[in-house]
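*Asks:* Have a look at this prediction, sequence included:
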Amino acid sequence: HNSRYRGRGGGYRSGGRGGGEWVEGVDKLAELHGHKQLVRVVTLVTEPNGRQVIYSAGQDRSVRVWDLSLPRNQQCTNCVEIGDDVGAVLVASGWLFVGIPGRLKCWNMSDNSQFDLQGHQGQVHSIVPYTEQGMIFSGGEDRAILAWRFNGQSGAFEQVGAMQGHTGAILQLQVVANLLFSGSMDGTIRVWDLNSAQCVHTCMAHNMPVMGILVWENHLLSCSLDGTVKVWTWNAPNLDLTYTHNMVQNEQIGVLGMCGSLNAQNVPVLVAACNDNSIRFFELPSFNSLGTLKQRKDVRCVNSGPGMFFAGHSDGTVRAWKWV
């Protein structure tokens with residue numbers, strides 16, 4: 001692998017066949033090996049003791065914990081066997097939630113007590129916190145969004161509601177104030193009022209599955225296998241389309257996931273995982289291209305943390321880069 005690096009303020013040139021693309025201000029931080037199959041989730045977690053670690057999970061039925069401050073080959077500090085294919089992970093308010101077919105597994109991170117939340121049919125694709133209410137929402141293959149609330153008396157979470165309406169699997173959830181946005185295989189984004197638990201808007205967003213949604217300033221961004229990223233503005237009761245960006249002109253290169261990040265100059269950057277084995281970078285709000293990182297294996301998910309971003313790959317590799 002003939003990756004070439006330049007010092008601080010340089011960039012990163014990815015090697016391999018058809019490589020040679022250049023991304024200014026990106027430097028490789030780590031390449032983490034341990035997962036045996038594709039990685040669906042990579043997320044940065046601040047543990048109760050203040051240590052920052054990466055959690056990764058996926059098809060090999062395990063959650064791995066990585067500490068990048070440790071020497072190479074000693075960075076995996078824990079591997080928890082989950083027993084089934086992991087679709088989603090959330091760490092919030094001292095709890096670890098892991099979505100697997102048919103249920104959420106929950107751990108109280110302070111005393112390590114564990115229990116299961118039954119309710120879903122099929123895989124769970126997204127779990128998000130609604131911190132103000134001590135709640136979480138989960139969505140997945142069964143097209144339902146389930147609401148769970150912490151019960152202080154029992155010390156556990158209990159299902160307190162279900163929101164139905166999507167005609168395809170739910171792939172991504174995002175909570176903003178008292179609204180929940182859901183993106184689905186059915187190509188729609190639905191907007192739910194969390195005070196009434198009612199769907200207040202349905203938007204035919206894409207003509208293929210909505211793979212990701214994220215909030216940026218007062219906009220919602222959505223990405224899809226149809227090769228577009230769309231920028232929406234919530235003008236209650238409507239989600240108005242503000243801008244459509246085609247990943248590659250005249251080519252349908254699907255977007256598998258995306259995250260937002262601030263580069264070393266504090267410029268907001270959209271990081272997009274595409275199904276041509278690439279990660280593409282765009283400055284926001286202009287969508288000017290900042291370059292492409294070609295990868296040897298397809299990228300299944302991307303996520304970010306302060307000054308860095310991560311990718312999970314189909315061969316089980318987890319990679320981390322930093323902005324310089």
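*Replies:* Structure received.

*Asks:* hey, let's count contacts and neighbours off CA atoms from now on
*Replies:* Fine.

*Asks:* Give me the three-state assignment for the residue of the chain positioned farthest from its centre.
*Replies:* Distance from the C-alpha centroid of the chain peaks at residue 153, with 32.3 Å (C-alpha atoms, centre = their mean). Classification of residue 153 using DSSP: H, G, I helix; E, B strand; the rest coil returns coil.

*Asks:* how near is it to residue 112?
*Replies:* Distance, residue 153 to residue 112, using C-alpha to C-alpha, to the nearest Å: 18 Å.

*Asks:* go on, residue 283?
*Replies:* Distance, residue 283 to residue 112, by C-alpha to C-alpha: 41 Å.

*Asks:* Pick out whichever of those two has more residues nearby.
*Replies:* Applying other C-alpha atoms under 10 Å to residue 283 and residue 112 shows that residue 283 carries more neighbours, namely 19 against 11.

*Asks:* separation between the nearest residue to the more buried one once chain neighbours are set aside and residue 58?
*Replies:* By the measure of C-alpha to C-alpha, 6 or more residues apart in numbering, the closest residue to residue 283 outside its immediate chain neighbours is residue 269, 4.6 Å from it. The gap separating residue 269 from residue 58 is 26 Å, by C-alpha to C-alpha.

*Asks:* which one of those two has more residues nearby?
*Replies:* More crowded of residue 269 and residue 58, by other C-alpha under 10 Å: residue 58, with 28 against 22.

*Asks:* Contacts only, for the more buried one.
*Replies:* Counting by C-alpha atoms under 8 Å, 6 or more residues apart in numbering, residue 58 touches 37, 38, 39, 40, 41, 85, 86, 87.

*Asks:* now swap in residue 243 and tell me
*Replies:* Going by C-alpha under 8 Å, 6+ apart, residue 243 touches 230, 231, 232.

*Asks:* do that again at 10 Å, thanks
*Replies:* For residue 243, the contacting residues are 221, 229, 230, 231, 232, 233, 285, 287, by C-alpha atoms under 10 Å, 6 or more residues apart in numbering.

*Asks:* what's the most distant pair in those residues?
*Replies:* By the measure C-alpha to C-alpha, 233 and 287 form the most distant pair in the contacts of residue 243, at 16.4 Å.

*Asks:* residue ranges for the strands of the stretch 201-324 of the chain, please.
*Replies:* All strands of the stretch 201-324 of the chain, identified by DSSP state E, counting those that start in this stretch, fall at 210-216, 219-224, 228-235, 238-246, 255-262, 268-274, 278-283, 289-294, 299-305, 308-313, 318-323.

*Asks:* Residue 261: which of the contacts of residue 58 is nearest?
*Replies:* residue 41 (16.8 Å).

*Asks:* hang on, isn't that closest one packed against residue 300?
*Replies:* Yes: using C-alpha atoms under 10 Å, residue 41 is in contact with residue 300, at 8.4 Å.

*Asks:* list the residues that contact both of these two?
*Replies:* Common contacts of residue 41 and residue 300 (C-alpha under 10 Å, 6+ apart): 311, 312, 313.

*Asks:* So which of those residues is surrounded by the most neighbours?
*Replies:* Of all the shared contacts of residue 41 and residue 300, the most densely surrounded is residue 312 (29 neighbours; neighbours counted as other C-alpha under 10 Å).

*Asks:* sorry, back to before: let's have the contacts of residue 243 in TSV, adding neighbour count, pLDDT and distance to residue 172.
*Replies:* As requested, the contacts of residue 243 are exported to TSV (neighbours: other C-alpha atoms under 10 Å; pLDDT from 0 to 100; distance: C-alpha to C-alpha, whole Å):
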residue	neighbour count	pLDDT	distance to residue 172
221	22	97	12
229	26	97	15
230	20	97	15
231	22	97	16
232	21	96	16
233	16	95	18
285	13	93	22
287	17	95	22
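
*Asks:* Would you reformat those as a markdown table and include distance to residue 203?
*Replies:* Formatted as a markdown table, those follow (distance: C-alpha to C-alpha, whole Å):
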| residue | distance to residue 203 |
| --- | --- |
| 221 | 13 |
| 229 | 15 |
| 230 | 12 |
| 231 | 13 |
| 232 | 10 |
| 233 | 12 |
| 285 | 22 |
| 287 | 23 |
